[in-house]
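Engineer: Mind looking at a prediction? Sequence and model below.
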Amino acid sequence: MGEHRARVVIIGAGGYSGAELAELLLSHPRVEIVGLFGSARREETGKAQAFSDSWPRFRGLLDLPIRATEVAAVSALAPDAVFLATPHEASVELAPGLLAAGLRVLDLSAAYRLKNAGLYPKHYGFEHHDPTGLAGAVYGLPEHFRHEIKFASLVAVPGCYPTASILALAPLHRAGLVRAGTRPIIDAASGVSGAGRSATQKSLFCEVSLQPYGVLKHRHQPEIDAYVGMETLFTPHLVAFDRGILATIHVDLVPGTSYDAIEAVYRNAYADEPFVRICPVGQWPAVADVRRTNFCDIGFAVDPSWDHAIIASAIDNLTKGAAGQAIQCMNLMLGFAENTGLGIGERAHGPAHH
């Protein structure tokens, strides 16, 4: 009792990732939510709406108003960490001012994930005007950038598809097990929450189906390639469940690569990682097994006659693919145990979402 609690602010509290952040942070023993703000791009009408009006399941738990975003108002709350669950363009507008005010920022958009500003017009439809932020941002994948995250002022929290893909593929590439001149093929399926909370026809209950999209042009392709360390071929699919991602990845291997060799690479890479689980031989990841947790489950098989591996990687797109990973990074930045507030118990069996 009486232990100091870190002060945190969420900007963009009205979306799925913002609500997921709020739920996780409410059960985090070392933090206090001191402010909620709307996206800078959202039209403000009349008086500030309470968070629990947008998300009734938080009634009586988090009734703070969602205020219009102004850097001075955020800074006045003296937060130890600020989460941006905002559109990419809004993050680019807000992050420089927040950093200039001496605040530490975790951005859940893609605004700072790609180091090359020239990629943003093509993949995200806007000109990037913060080269300083891009240069200084740390990619928020703790399994690969833990030390850098601890000391970062700006963390670019990875995308959900990239998280599932990079955790599965990067160790194999680094170990030299992917055959030269080949391109791993990533077929990944995501629940509808990955598309955001906006009302669109393809997201309607009676319309959502199983369908590929963004074929040969998805905006996550350059992020995946950059952090896997090689070119891949990524095709996403929209699936009729609310949350979760399953990536099935085909890899041509260096001739003679065995199942045991791949297992040794994974065990070496992730032996001490609290949130990466390697499935036993013959068992495969499932979205249900990672739902509402911060785990990434990885399973694989090898066809030695073709020197080919099939790898499956499962995460919850709103947890390890967004809010949970952001809090994992925040824990590192603030000196807390990395899994604080991310235990499986309260997450897997906690209050149902409606």
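Structural biologist: That came in fine, so what should we check first? Model, not experiment: these values are computed from the prediction.
Engineer: which residues in this protein form strands?
Structural biologist: 6-11, 31-37, 66-67, 81-84, 105-107, 138-139, 154-156, 185-190, 211-212, 233-238, 245-252, 276-278, 296-303, 308-315 (DSSP state E).
Engineer: Break this structure down into its domains, please.
Structural biologist: 6-158+319-348, 160-315 (automatic domain parsing).
Engineer: Mean pLDDT, distance to N331 and mean neighbour count for the strands of the chain - can I get that in a markdown table?
Structural biologist: All C-beta spots, glycine's among them, are computed from the backbone N, C-alpha and C. Putting those into a markdown table (pLDDT from 0 to 100; distance: least, C-beta to C-beta, whole Å; neighbours: other C-beta atoms under 10 Å) gives the following:
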| stretch | mean pLDDT | distance to N331 | mean neighbour count |
| --- | --- | --- | --- |
| strand 6-11 | 98 | 10 | 24 |
| strand 31-37 | 97 | 9 | 21 |
| strand 66-67 | 94 | 25 | 22 |
| strand 81-84 | 98 | 10 | 28 |
| strand 105-107 | 98 | 11 | 27 |
| strand 138-139 | 98 | 15 | 22 |
| strand 154-156 | 98 | 12 | 28 |
| strand 185-190 | 96 | 26 | 22 |
| strand 211-212 | 86 | 36 | 12 |
| strand 233-238 | 95 | 29 | 20 |
| strand 245-252 | 98 | 22 | 22 |
| strand 276-278 | 97 | 16 | 20 |
| strand 296-303 | 98 | 17 | 21 |
| strand 308-315 | 98 | 18 | 23 |
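Engineer: With distance to D289 as new columns, can these be given to me in a markdown table?
Structural biologist: Below are the strands of the chain laid out as a markdown table (distance: least, C-beta to C-beta, whole Å):
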| stretch | distance to D289 |
| --- | --- |
| strand 6-11 | 28 |
| strand 31-37 | 28 |
| strand 66-67 | 34 |
| strand 81-84 | 27 |
| strand 105-107 | 27 |
| strand 138-139 | 26 |
| strand 154-156 | 27 |
| strand 185-190 | 15 |
| strand 211-212 | 24 |
| strand 233-238 | 19 |
| strand 245-252 | 10 |
| strand 276-278 | 9 |
| strand 296-303 | 6 |
| strand 308-315 | 7 |
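Engineer: how about these, which one is nearest H123?
Structural biologist: Proximity to H123 (C-beta to C-beta) singles out strand 233-238 among the strands of the chain, at 12.3 Å.
Engineer: CA atoms only for the closest one - export them in PDB, please.
Structural biologist: Extracted in PDB, the C-alpha atoms of strand 233-238 (Å, rounded to 0.1, in the frame of the first residue of the first chain):
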ATOM      1  CA  LEU A 233       5.200 -12.200 -49.700                       C
ATOM      2  CA  PHE A 234       2.400 -11.200 -47.300                       C
ATOM      3  CA  THR A 235      -1.300 -11.700 -48.000                       C
ATOM      4  CA  PRO A 236      -3.800 -10.800 -45.300                       C
ATOM      5  CA  HIS A 237      -7.300 -12.200 -44.900                       C
ATOM      6  CA  LEU A 238     -10.400 -10.900 -43.100                       C
END
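Engineer: now it and strand 245-252, what's the angle there?
Structural biologist: For strand 233-238 against strand 245-252, the angle between stretch directions is 160 degrees (axes from the mean of the first three to the mean of the last three C-alpha atoms, to 10 degrees).
Engineer: residues in contact with strand 233-238?
Structural biologist: In this structure, residues lying in contact with strand 233-238 by C-beta atoms under 8 Å, 6 or more residues apart in numbering are 161, 165, 183-190, 192, 194-195, 202, 208-216, 218, 220-221, 224.
Engineer: so where's the stretch 251-354 of the chain uncertain?
Structural biologist: 344-354 (pLDDT under 70).
Engineer: how about a cut-off of 50?
Structural biologist: In the predicted model, the stretch 251-354 of the chain carries pLDDT under 50 at residues 345-354.
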